[in-house]
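Enquirer: sequence and computational prediction follow.
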Amino acid sequence: MKQENRLVELTLSGSHRKRTTNYNNDEASTDDTIGSITACWFEEVDTVLWDHELVLLRLGEVAKKKKNALAMAQQIAQHLNAHVAQVVGHTALLYRPGAPPILDLEQMVEN
């Protein structure tokens, strides 16, 4: 986890994925859905969203293609009741208003 100027950066890596056994050839593999992501990682992202409202997710290690990063970001956002603000390459920016809200979006739009 990286924190500079209030924007927290998290990387989703293979270590945050549940391992499953493929019984056809007895090799461990990972699933490409968000169901394979550990609850601990979701809790970490959830905490960051409550504290900062914005989180930058690096999905490069698990989203093999850039177009898969958008789909994965949308699934993660839906799971956390957040919004995908932007996806650039393998990086997604998620937003969820805190309680009370930290960012005043209306004021940002006016300026």
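Expert: Here it is on my side, so go on.
Enquirer: after the helix or strand bottoming out on mean pLDDT in the chain comes which helix or strand?
Expert: Sorted by mean pLDDT, DSSP states H and E, the helices and strands of the chain end with strand 27-29, the least confident at a mean of 37. Heading C-terminal from strand 27-29, the first helix or strand you meet, by DSSP states H and E, is helix 39-52.
Enquirer: what mean pLDDT would you report for that following helix?
Expert: Here helix 39-52 scores 91 as its mean pLDDT.
Enquirer: from Ala85, how far off is Thr11?
Expert: Distance check for Thr11 against Ala85: by CB to CB, to the nearest Å, it reads 18 Å. For glycine as for every other residue, the C-beta is placed from the backbone atoms N, C-alpha and C.
Enquirer: what's the answer for Val109, then?
Expert: When distance is defined by CB to CB, Val109 is 13 Å away from Ala85.
Enquirer: and for Asp51?
Expert: When CB to CB is applied, the distance between Asp51 and Ala85 equals 17 Å.
Enquirer: excluding its backbone neighbours, what's nearest Ala69?
Expert: Ala63 (4.0 Å; CB to CB, 6 or more residues apart in numbering).
Enquirer: quick check: phi and psi at the one you found.
Expert: As for Ala63, its main-chain torsions (degrees, to the nearest 10) stand at phi -100, psi 100.
Enquirer: same check on Leu54?
Expert: Note on Leu54: its backbone torsions stand at phi -120, psi 140 [degrees, to the nearest 10].
Enquirer: where exactly do the helices run in this structure?
Expert: Counting by DSSP state H, the chain has helices at residues 39-52, 66-79, 105-110.
Enquirer: which among the ones you listed is found nearest to Gly89?
Expert: helix 66-79 (5.5 Å; CB to CB).
Enquirer: hmm, back to that, so can I have CSV of the helices of the chain showing mean neighbour count and distance to Leu59?
Expert: Formatted as CSV, the entries for the helices of the chain read as follows, by neighbours: other CB atoms under 10 Å; distance: least, CB to CB, whole Å:
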stretch, mean neighbour count, distance to Leu59
helix 39-52, 16, 12
helix 66-79, 17, 5
helix 105-110, 8, 25
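Enquirer: right, I'll leave it there.
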